[in-house]
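Chemist: Give me a 3D structure for the following:
(2 chains)
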Amino acid sequence: EDKVVQSPLSLVVHEGDTVTLNCSYEVTNFRSLLWYKQEKKAPTFLFMLTSSGIEKKSGRLSSILDKKELFSILNITATQTGDSAIYLCAVEAGGSARQLTFGSGTQLTVLP
Amino acid sequence: GAVVSQHPSWVICKSGTSVKIECRSLDFQATTMFWYRQFPKQSLMLMATSNEGSKATYEQGVEKDKFLINHASLTLSTLTVTSAHPEDSSFYICSARELATYTQYFGPGTRLTVL
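Modeler: Take a look at the predicted model:
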């Protein structure tokens, strides 16, 4: 059974701090790993990672994948209160349907 | 680009009634759409994979006769919760997979409350 584990489950920081969110996985026929941000509604897409060692960056957010050690990290620098959300890691694996298996998410709270 | 809409955004219904939720990809075609449900403080759980023009594939433990899925066109999938019960109250989210990148884009979700 495919498994995606995120840590920590929750994190409280102050504005300006840098945070690192972790995602490890065990899946059959890995295709890609995706990061989403979920505020009050449905998740919004952040990154898709398919190759090891290549950092993807968008503003203050960046992410990298290690396919040998089966994990990914999501970094947020100079955090702002608007970064408060649940960050979901999902892995796309297996057959023709290419379904996503989600981790439990990391609840990030950024205090002013 | 890559916008997915859901309708309605919230619905309250009486126990025993049926509720239909629509999921549309607005600016791209999606041969595959996915339906998830999410309980409070929990992650998304895949319910079924909806393929245009064919029967949906349901995950283990999801009753296909209770959660009817129709994917009649490349931009529309519907989920009908039949004979809804209070335990069906949840946040239902659809996603549509963009063919070019295989990225899933999510709709805004539908909050269902069954009284």
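Chemist: Please count neighbours and contacts with C-alpha atoms only from this point.
Modeler: OK.
Chemist: Can you get me the start-to-end distance on stretch B:11-18?
Modeler: The first and final residues of stretch B:11-18 sit 11 Å from each other (CA to CA, to the nearest Å).
Chemist: Need the residues that contact that stretch.
Modeler: With contacts defined as CA atoms under 8 Å, 6 or more residues apart in numbering or on different chains, stretch B:11-18 is touched by B:19, B:80-86, B:110-115.
Chemist: which non-adjacent residue is nearest residue B:62?
Modeler: Leaving aside its chain neighbours, residue B:62 sits nearest to residue B:47 (6.2 Å; criterion: CA to CA, 6 or more residues apart in numbering or on different chains).
Chemist: For whichever strand or helix holds that neighbour, name the packing helices and strands.
Modeler: Residue B:47 is part of strand B:45-51 when elements are defined by DSSP states H and E. For strand B:45-51, the packing partners by 3 or more CA pairs under 8 Å, 6 or more residues apart in numbering or on different chains; DSSP states H and E come out as strand A:100-102, strand B:32-38, strand B:57-58, strand B:67-73.
Chemist: With mean pLDDT and distance to residue A:68 added, can I get the ones you listed in JSON lines?
Modeler: Formatted as JSON lines, those follow (pLDDT from 0 to 100; distance: least, CA to CA, whole Å):
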{"stretch": "strand A:100-102", "mean pLDDT": "87", "distance to residue A:68": "19"}
{"stretch": "strand B:32-38", "mean pLDDT": "92", "distance to residue A:68": "29"}
{"stretch": "strand B:57-58", "mean pLDDT": "92", "distance to residue A:68": "32"}
{"stretch": "strand B:67-73", "mean pLDDT": "90", "distance to residue A:68": "38"}
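Chemist: Parallel or antiparallel, which strands does the lowest-mean-pLDDT helix or strand in chain A pair with?
Modeler: Counting by mean pLDDT, DSSP states H and E, chain A has its least confident helix or strand at strand A:100-102, which shows a mean of 87. Strand A:100-102 has the following strand partners under DSSP bridges: strand A:85-93 (antiparallel).
Chemist: From the chain's centroid, how far away is the strand it pairs with?
Modeler: Relative to the mean C-alpha coordinate of its chain, strand A:85-93 is positioned 5 Å out (CA atoms, centre = their mean, to the nearest Å).
Chemist: Identify each buried residue in that strand, please.
Modeler: Within strand A:85-93, the residues that qualify as buried are A:85, A:86, A:87, A:88, A:89, A:90, A:91, A:92, A:93, counting by 16 or more other CA atoms under 10 Å in any protein chain shown.
Chemist: quick one: is the helix or strand hosting residue A:110 near chain B?
Modeler: Assigned by DSSP H and E, residue A:110 belongs to strand A:106-111. No - contact of strand A:106-111 with chain B (CA under 8 Å from any CA of the partner chain) is absent, the minimum separation being 9.3 Å.
Chemist: Work out the gap between that strand and the centre of the chain.
Modeler: The chain centre lies 14 Å from the centre of strand A:106-111; the measure is CA atoms, centre = their mean.
Chemist: returning to that earlier point: quick one: residues in contact with the strand holding residue B:47.
Modeler: A:97, A:99-102, B:31-38, B:56-59, B:62, B:69-71, B:77.
Chemist: quick one: it to strand B:32-38, angle?
Modeler: Orientation of strand B:45-51 against strand B:32-38 (axes from the mean of the first three to the mean of the last three CA atoms, to 10 degrees) gives an angle of 160 degrees.
Chemist: Could I get the average pLDDT for strand B:45-51?
Modeler: In this model, strand B:45-51 has an average pLDDT of 90.
Chemist: Walk me through which strands that strand pairs with, and which way each runs.
Modeler: Using DSSP bridges, the strands paired with strand B:45-51 are strand B:32-38 (antiparallel), strand B:57-58 (antiparallel).
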